[in-house]
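> Sequence below, structure please.
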Amino acid sequence: MRWARFDDAGTPRYGLVEGDTLRVIEGDPFAGHSLTDRVLPLAEVTLMVPVVPPTFYCVGLNYAAHVREVAERAGQVPNLPTQPDVGYRAQSALIPHDAPIIIPRDATEKVQYEGELVVVIGRQARHLTEETALDCVLGYTIGNDVSERSWQKSDRTLWRAKNADTFKPMGPWIDTEARLEDMETIVRVNGDVTTRFRTADMIFGVRDFLVAITRYITLQPGDVIWMGTDGHAPNLRPGDRVEVEITGIGTLSNPVTAEE
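You can find the predicted model right below:
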């Protein structure tokens with residue numbers, strides 16, 4: 001099942017993707033829903049971010065190859081994480097599939113993508129165990145963690161490097177049946193593959209983070225957890241189009257523009 005959130009004449013609404021059509025529903029995937037007879041061509045629908053999360057969690061340095069590449073570029077010894085560490089991002093940075101990533105006027109040339117699996121929470125959860133952790137997961141979507149690397153190094157926090165407006169594309173929908181063990185993440189810039197890795201090759205997996213978070217924090221329906229990335233990203237430039245495909249889910253595609 002694929003849940004898409006779309007703009008219905010100015011009102012956000014959910015629908016179920018059925019091939020190349022969208023069946024409109026009443027309600028949402030979190031609090032309950034009912035089907036309607038209204039069916040729209042998917043190509044004619046304006047997609048919105050599939051959920052506006054109550055809390056936007058994120059994971060950094062969760063793929064060994066990525067940790068080693070970052071350390072090598074900095075001339076440092078790789079330091080793999082020894083426990084699941086969680087951070088936060090700003091909702092205001094979220095944009096949907098096909099919306100433009102806008103590079104700020106004073107950004108350097110070091111604006112890069114990070115293709116990430118996004119876990120969408122379907123119900124309230126606390127004190128999850130390894131055995132019960134995935135019970136709270138509604139499904140998965142795709143994120144592009146756009147980052148301005150010069151700001152990331154110079155600022156004391158990641159407030160603008162990771163959270164500038166439009167720096168967090170997410171979508172195109174939530175897939176409830178995709179299997180993590182079958183996924184591959186493929187990133188293309190202007191049609192050329194620049195990054196490719198097995199999505200499940202994480203240092204700490206989805207279960208690990210769900211257990212760690214809910215030891216202290218209650219997850220709420222609609223919360224999202226971005227699970228980190230692998231590989232090295234080239235710099236993005238105005239005029240580029242970046243696509244993040246995760247097999248079994250779909251493709252998140254966004255053009256890149258410069259702030260006027």
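> Quick one: end-to-end distance for stretch 137-152.
This stretch, stretch 137-152, spans 31 Å end to end (Cα to Cα, to the nearest Å).
> Report the mean confidence score over that stretch.
In this model, stretch 137-152 carries a mean pLDDT of 98.
> List the buried residues of it.
Within stretch 137-152, the residues scored as buried using 16 or more other Cβ atoms under 10 Å are 137-149, 151. C-betas here are computed from N, CA, C, even on glycine.
> Pick the one among those residues closest to Met202.
For these, the closest approach to Met202 (Cβ to Cβ) belongs to Tyr140, at 13.3 Å.
> residue boundaries of the strands in the stretch 1-150 of the chain?
Taking DSSP state E, counting those that start in this stretch as the criterion, the stretch 1-150 of the chain carries its strands at 2-8, 11-18, 21-28, 32-41, 56-59, 86-88, 94-95, 101-103, 111-112, 115-121, 137-144, 147-148.
> Looking at those, which is nearest to Glu177?
strand 137-144 (7.5 Å).
> The closest one: how far from the chain's middle?
Centroid displacement of strand 137-144 relative to its chain, using Cα atoms, centre = their mean, to the nearest Å, is 6 Å.
> Which elements pack onto that strand?
Strand 137-144 sits against strand 115-121, strand 168-175, strand 224-226, strand 241-246, strand 250-258, with contacts defined as 3 or more Cβ pairs under 8 Å, 6 or more residues apart in numbering; DSSP states H and E.
> With distance to Met183 added, can I get those in a markdown table?
Formatted as a markdown table, those follow (distance: least, Cβ to Cβ, whole Å):
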| stretch | distance to Met183 |
| --- | --- |
| strand 115-121 | 7 |
| strand 168-175 | 10 |
| strand 224-226 | 15 |
| strand 241-246 | 5 |
| strand 250-258 | 11 |
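> Adding mean pLDDT, write these out as CSV.
Output for the helices and strands packed on strand 137-144, formatted as CSV (pLDDT from 0 to 100):
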stretch, mean pLDDT
strand 115-121, 98
strand 168-175, 98
strand 224-226, 98
strand 241-246, 98
strand 250-258, 98
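> Nearest to Leu40, out of the ones you listed?
Evaluated with Cβ to Cβ, these place strand 168-175 nearest to Leu40, the distance being 13.8 Å.
> Next, the contact list for Cys160, please.
Slight slip there: residue 160 is Arg, not Cys. Neighbour list for Arg160: Pro104, Glu148, Trp151 [criterion: Cβ atoms under 8 Å, 6 or more residues apart in numbering].
> Kindly indicate which of these lies nearest Asn190.
Glu148 (20.2 Å).
> Distance check, the closest one against Thr195.
Applying Cβ to Cβ, to the nearest Å, the value for Glu148 to Thr195 is 18 Å.
> Could you list the residues in contact with the helix or strand of the chain with the lowest mean pLDDT?
Every helix and strand of the chain was ranked by mean pLDDT, DSSP states H and E. The lowest is helix 64-73, at a mean of 78. Residues outside helix 64-73 that contact it (Cβ under 8 Å, 6+ apart) are 61, 77-81, 197, 201, 203, 228-232.
> what bits of the stretch 101-250 of the chain have low per-residue confidence?
Low-confidence segments of the stretch 101-250 of the chain (pLDDT under 70): none present.
> which one in this structure is furthest away from the centre?
Asp37 (30.9 Å; Cα atoms, centre = their mean).
> how near is that residue to Glu26?
Taken as Cβ to Cβ, the span from Asp37 to Glu26 is 11 Å.
> Now the least confident helix or strand of the chain: buried residues?
His66, Val67.
> Repeat that for stretch 13-25.
Quick answer for stretch 13-25 (16+ other Cβ under 10 Å): Arg13, Tyr14, Gly15, Leu16, Val17, Leu22, Arg23, Val24, Ile25.
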